[in-house]
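Q: take this sequence and fold it.
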Amino acid sequence: MRLGGTFCPVGGEMKEVPLRVVDQVGKELNVHGVRGATLADQRIVAELLESGRLVMPIHAVLPLSKIGEAHRLLESAPDLVGRIVLHPWDD
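A: Residues are numbered from 1 along each chain as shown. Okay, the predicted model is just below:
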C-alpha cells in the first residue's frame, strides 16, 4: 500500500492479516472497518447516489488486468483526487 493508503477489509473471511503496527505507523496507513448494511441503509445510499446528493469522485476505471497501471497512478500522484476502480470483468 502507498504512503497514507487505506486498508479496508470487507467480506466474511476470517483469516488473519499480517499487518504489523510498525508497518501501519511507518506508512501512515488508515484502517477502516466495514460492517454489513441493512437493506434500508442500502436504499438510502442508492437514493442519495441517484439524486446526485452523494457523489464519489472516480479518477479512473480500469480492468483488473491493468492493476499495475492503477498502482503506478497511485504512486506517481500522491494528491490524486478520486478513486481508481478496478473492474474484474473487463479485459
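Q: tell me how many other residues crowd L19.
A: L19 has 13 neighbouring residues, counting by other C-beta atoms under 10 Å. All C-beta spots, glycine's among them, are computed from the backbone N, C-alpha and C.
Q: hey, which helix or strand in this structure has the poorest pLDDT?
A: For the chain, counting by mean pLDDT, DSSP states H and E, strand 6-7 ranks last in confidence among helices and strands (a mean of 76).
Q: report all helices and strands that it contacts.
A: strand 30-31 (3 or more C-beta pairs under 8 Å, 6 or more residues apart in numbering; DSSP states H and E).
Q: who touches the strand it packs on?
A: With contacts defined as C-beta atoms under 8 Å, 6 or more residues apart in numbering, strand 30-31 is touched by 4-8, 19, 24.
Q: same question for stretch 47-63.
A: With C-beta under 8 Å, 6+ apart as the test, stretch 47-63 has contacts from 45, 69-70, 73, 80-88, 90-91.
Q: tell me which of those residues is nearest to H32?
A: Using C-beta to C-beta, R83 is the member of the contacts of stretch 47-63 that sits closest to H32, with 13.6 Å.
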